[in-house]
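Peer 1: Give me coordinates for this.
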Amino acid sequence: MPIPPLSDEQLRQAREAAAAARSRRAEIKDRLRSGDLTLAEVIQLAETDDVVARTKVVDALKCLPRVGEKRAAEVMERLDIAANRRLRGLGPHQIANLRTEFAPRTKA
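Peer 2: The predicted structure follows:
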């Protein structure tokens, strides 16, 4: 069944919605990078925010301090999280493991 054509107005609204979603995800990633948000807070936010929920787990991990492409891939593999998994698609055990892995360090 073919997709029905969209009107110019519908296309414009879709482009605006997509741009707003990209901007929101970029804002969350910047806050992760700067330390304003922890990974646990972002995961919790994903429960109620559909835009944040569609962020790829690996992209969120790479925004954390001292986590690059290689460490993010290693953590994802060790915790049995698919490379294309999004935050909302995480299971309870995966969430618990990520929270443990990236728990804020306390200085003794």
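Peer 1: secondary structure element for residue 73?
Peer 2: helix 69-78 (DSSP states H and E).
Peer 1: after that helix, next one along is what?
Peer 2: Defined by DSSP H and E, the subsequent element after helix 69-78 is helix 92-101.
Peer 1: coming back round to it: tell me which strands and helices the helix holding residue 73 is in contact with?
Peer 2: helix 57-62 (3 or more C-beta pairs under 8 Å, 6 or more residues apart in numbering; DSSP states H and E). Just so you know, the C-beta spots here come from the backbone N, C-alpha and C atoms, and that holds for glycine as well.
Peer 1: can we see that at 10 Å?
Peer 2: helix 57-62, helix 92-101 (3 or more C-beta pairs under 10 Å, 6 or more residues apart in numbering; DSSP states H and E).
Peer 1: how about those, which one is nearest residue 40?
Peer 2: helix 92-101 (4.9 Å; C-beta to C-beta).
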